[in-house]
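Novice: heads up, no residue letters with this:
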C-alpha cells in the first residue's frame, strides 16, 4: 500500500450524496375515510340474569337444591295461609252484612211498605165510621204513620248518599206529609158531613197507590237485591285458597318422599309439622266454609224466601182491605170497564189483590218447613176464604141499595160478621208467620256466620308455623353438610 508523503493522513473518501426527500404528493379530492369504531365493551348483565346463574349453580349441589326446596315450601305455605285469610275475611264480612245489615234493611223496607198500606187502610176504615172515628182505628193510623217515618229515618242513616235507595227515601219523606195533609182534610170535611171529604180521601188514596207505594216497593226491591249480592259474596267456595292448599301439601309430601329416598329416614320433624299444620288449615277451610255455606243457604231458602212471600201476602191483604173500604166510600164514583162491562174500580182492585193473597199464601205454605210455620199460614188462608164469602154478601146488599147493611158487613160489630174481622185474623196470622220465619233466618244465618269465626286469623297463624317448620326441617338436612 502506498502512503502519502510526510506521513500525512490519507484524504477522505467522498461521502454518498444525501438522500433527497420526496415532495408530498397531492391527495385526491373527496371525504376523508372514517376511522374504524372501537370495539364496544360487553354489556353488563342484569341482576336478574346473575341471580338466575347463581340459582342454576346452586342447583347443581345438594345443599343448594335443599335451600331452593325450603324457599319454595315456605313461599307456598305462606301464600296458602295469606290467601285463606283474605278470602275468608271477605266471606265472613259478607255473612255479617247479611245478618246485621242487608237483611234488616230489607225487612225495614218491607215494614215501610206495610206501614204505609196499613195507614191507608186505617184511614179509609175511620172514614167509613163517620164523623166519630173510633179511637182504635185512629190509633192504628197514627201508629203506622210513626212507624213509616221512623223506618225511613233508620233506612236513611244506613244508606249511602247519592244511591237509588237514598233518592227513594228522600221522595217518600216528601210525600208522607202531603198524604197526611190530605187525610186530615178528608177527616175535617167528613166530621162536618161534607161530601168533599170523600174526594179528599180518594185523592189521598190515589197518591198512596200511584206514588208512595211504588216508591216503597222500589226501596224494598233495591234492598232485596243488596241482600242477594251479600249472599253471593258470602257463599262461593274459596277455590284459590283450596287450590294453593292442595299444591302446598303435594309439594310437602314430595319433599318428604325425596328426603326419605336420599337418607332412608322416615320422618323429618320440621316438614312433618308443616304438613300437619297445612292439613289442619285445609280441613278447617273446607269444612268450615261448607258448614257456613249450608247455614247461609238454609237461611235464604227457609228464611228470606218465606219472609219475602209473607211480606207480599201481607201487603196484598192490606191493599185489598183498603179497596174494599173505598168501594163504599166512592159509592160508584170510580168505575172501570172489564170485558165490556162497567164495574166499580175499587171492587175490581179488591178482587185482584185477593187473588195475589191466595197465590202468596199457597207459596208460603209450600216454603214452610215445620208446623210452627205452616199453622199461621193455614189460619190466614182459612180467614181469607171466609173474608171472600162475607165480601160477596156485602156487595150483594150494596148493589141492592142497602148501603147501611153493606156498611155493617164491612165494619160492623161482631154480631154482623163483618169482613174486618176476617182481615184482622189474616193480618194477625201473617204477623205470627213473619215472626217465626225471622227467628229461623236469624238462627240459620247466625250459625253460618259463626262457622267462619276465627278461620282467617287461625289460618294465618298456622301457615306461619307451617313455614317455620318447613324451613327448620330443611335446615336440619343442611346441617349434615357442614
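Specialist: Received, thanks. None of these values were measured; they are calculated from a predicted model.

Novice: Of all the residues in stretch 295-313, which ones are buried?
Specialist: Within stretch 295-313, the residues that count as buried by 16 or more other CB atoms under 10 Å are 295-296, 298-300, 302-313. C-betas here are computed from N, CA, C, even on glycine.

Novice: actually stretch 428-448, sorry about that
Specialist: For stretch 428-448, by 16+ other CB under 10 Å, it's 429-430, 432-434, 436-438, 440-441, 444-448.

Novice: List the buried residues of stretch 377-386.
Specialist: 377-381, 383-384.

Novice: and the longest helix for the chain?
Specialist: helix 62-97 (DSSP state H).

Novice: How far away from the center of its chain is that one?
Specialist: 26 Å (CA atoms, centre = their mean, to the nearest Å).

Novice: following it, which helix or strand comes up?
Specialist: Later in the chain than helix 62-97, the nearest helix or strand by DSSP states H and E is helix 103-128.

Novice: Report all helices and strands that that next one contacts.
Specialist: helix 135-157, helix 164-191, helix 196-207, helix 213-234, helix 305-330, helix 403-411, helix 419-450 (3 or more CB pairs under 8 Å, 6 or more residues apart in numbering; DSSP states H and E).

Novice: by how many degrees do that helix and helix 403-411 diverge?
Specialist: 160 degrees (axes from the mean of the first three to the mean of the last three CA atoms, to 10 degrees).

Novice: which one of the helices and strands packed on helix 103-128 is the most hemmed in?
Specialist: Counting by mean count of other CB atoms under 10 Å, helix 305-330 has the highest mean neighbour count of the helices and strands packed on helix 103-128, with a mean of 25.

Novice: which helices and strands does that helix pack with?
Specialist: Right, helix 305-330 is packed against helix 103-128, helix 196-207, helix 345-367, helix 371-399, helix 403-411, helix 419-450 by 3+ CB pairs under 8 Å, 6+ apart.

Novice: I'd like to know which of the ones you listed lies nearest to residue 175.
Specialist: helix 196-207 (6.9 Å; CB to CB).

Novice: contact partners of the closest one?
Specialist: With contact meaning CB atoms under 8 Å, 6 or more residues apart in numbering, helix 196-207 is reached by 120, 123-124, 127, 175, 178-179, 182-183, 185-190, 322, 326, 329-331, 333-334.

Novice: and if you look at stretch 215-226?
Specialist: 102, 105-106, 108-110, 112-113, 116, 155, 164-165, 168-169, 171-172, 175, 308, 311.

Novice: can you check stretch 330-346 too?
Specialist: 198, 202, 323-324, 326-327, 348, 403.

Novice: State the distance from residue 359 to residue 62.
Specialist: 76 Å (CB to CB, to the nearest Å).

Novice: got it, and residue 319?
Specialist: For residue 319 relative to residue 62 (CB to CB), the value is 82 Å.

Novice: Sketch out the low-pLDDT regions of the protein for me.
Specialist: By pLDDT under 70, the low-scoring segments of the chain are 1-45, 47-60, 131, 264-266, 478, 480-482.
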